[in-house]
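# Mind looking at a prediction? Sequence and model below.
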Amino acid sequence: MGADKGLLLKEDKPWATIVAQKFDALNMPYVVSVNDAQLATYVKYFKSEILILDTQTIPGPLRGLLTVHQQYPQKNLLVLACDMIDMQPQTIQTLINNYTTQPNFNFYAYHNGDFWEPFCGIYTAKGLNSLVLGNQTDFSLQHILSSGLSQKNIILDEGSFNNYNNP
């Protein structure tokens, strides 16, 4: 998009803080994955102890996910991207409920019929460990979700997945 999406503003609030408030509303702890170039700016909006600096060298969003996994290797991670500003609490809660009642999957994400929506997803420690220990060559989350033991969740509220990937 030519800009850091997490710092784009809606009603004078950076998108990243809007998404963080979704975790606050669900009373869930969270961390924010950032790269070197983002750190100085994000520390203005978040406590430094919740900022996780990317250390992985792999391409794409899997870099941040595996970096957070490296910091918390026993934790299952609910991932919500900074541009998911319209995500509804019920959409997140449905995913959590499916994860809780059907614990045999490595990954839980929404699927729109054509492709995965990986950024309202749960990535288990077991699933992430298999990526770290495996011979991963395709780092696309679409590939990982399609080829892994993933639960497809049907999107009931399409507005939660509004796409803001235009400048």
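The structure has been received and is ready for your questions.
# can you give me the end-to-end distance of stretch 47-62?
23 Å (C-alpha to C-alpha, to the nearest Å).
# Revised request: answer the last question for stretch 136-147.
11 Å.
# Now residue 109: which helix or strand?
For residue 109, the host element (DSSP states H and E) is strand 107-111.
# what comes into contact with that strand?
For strand 107-111, contacts defined as C-beta atoms under 8 Å, 6 or more residues apart in numbering pick out 91, 95, 98-99, 116-118, 120-124, 127, 144-145, 148-155, 161. The way it works is simple: take the backbone N, C-alpha and C, and place the C-beta from them, glycine included.
# Now list the buried members of those residues.
Applying 16 or more other C-beta atoms under 10 Å to the contacts of strand 107-111, the neighbour count classes 91, 95, 98-99, 116-118, 120-124, 127, 144-145, 150-153, 155, 161 as buried.
# In contact with the closest residue in space to residue 158 that isn't next to it in sequence, which residues?
Once flanking residues are discounted, residue 158 sits nearest to residue 112: 7.9 Å by C-beta to C-beta, 6 or more residues apart in numbering. By C-beta under 8 Å, 6+ apart, residue 112 lies in contact with 155, 158, 161.
# which secondary element of the protein has the worst mean pLDDT?
helix 125-133 (a mean of 89; mean pLDDT, DSSP states H and E).
# Report the angle between that helix and strand 107-111.
With axes from the mean of the first three to the mean of the last three C-alpha atoms, to 10 degrees defining the directions, helix 125-133 sits at 100 degrees from strand 107-111.
# Which elements pack onto the top helix by length along the chain?
Determined from DSSP state H, the single longest helix within the chain is helix 89-101. If contacts are counted by 3 or more C-beta pairs under 8 Å, 6 or more residues apart in numbering; DSSP states H and E, helix 89-101 sits against helix 15-25, strand 77-80, strand 107-111, strand 116-123, strand 150-154.
# so what strands line up beside the last one?
Using DSSP bridges, the strands paired with strand 150-154 in its sheet are strand 107-111 (parallel).
# quick revisit: for the helices and strands packed on helix 89-101, please prepare TSV with the additional fields mean pLDDT.
TSV is the format used below for the helices and strands packed on helix 89-101 (pLDDT from 0 to 100):
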stretch	mean pLDDT
helix 15-25	96
strand 77-80	98
strand 107-111	98
strand 116-123	97
strand 150-154	97
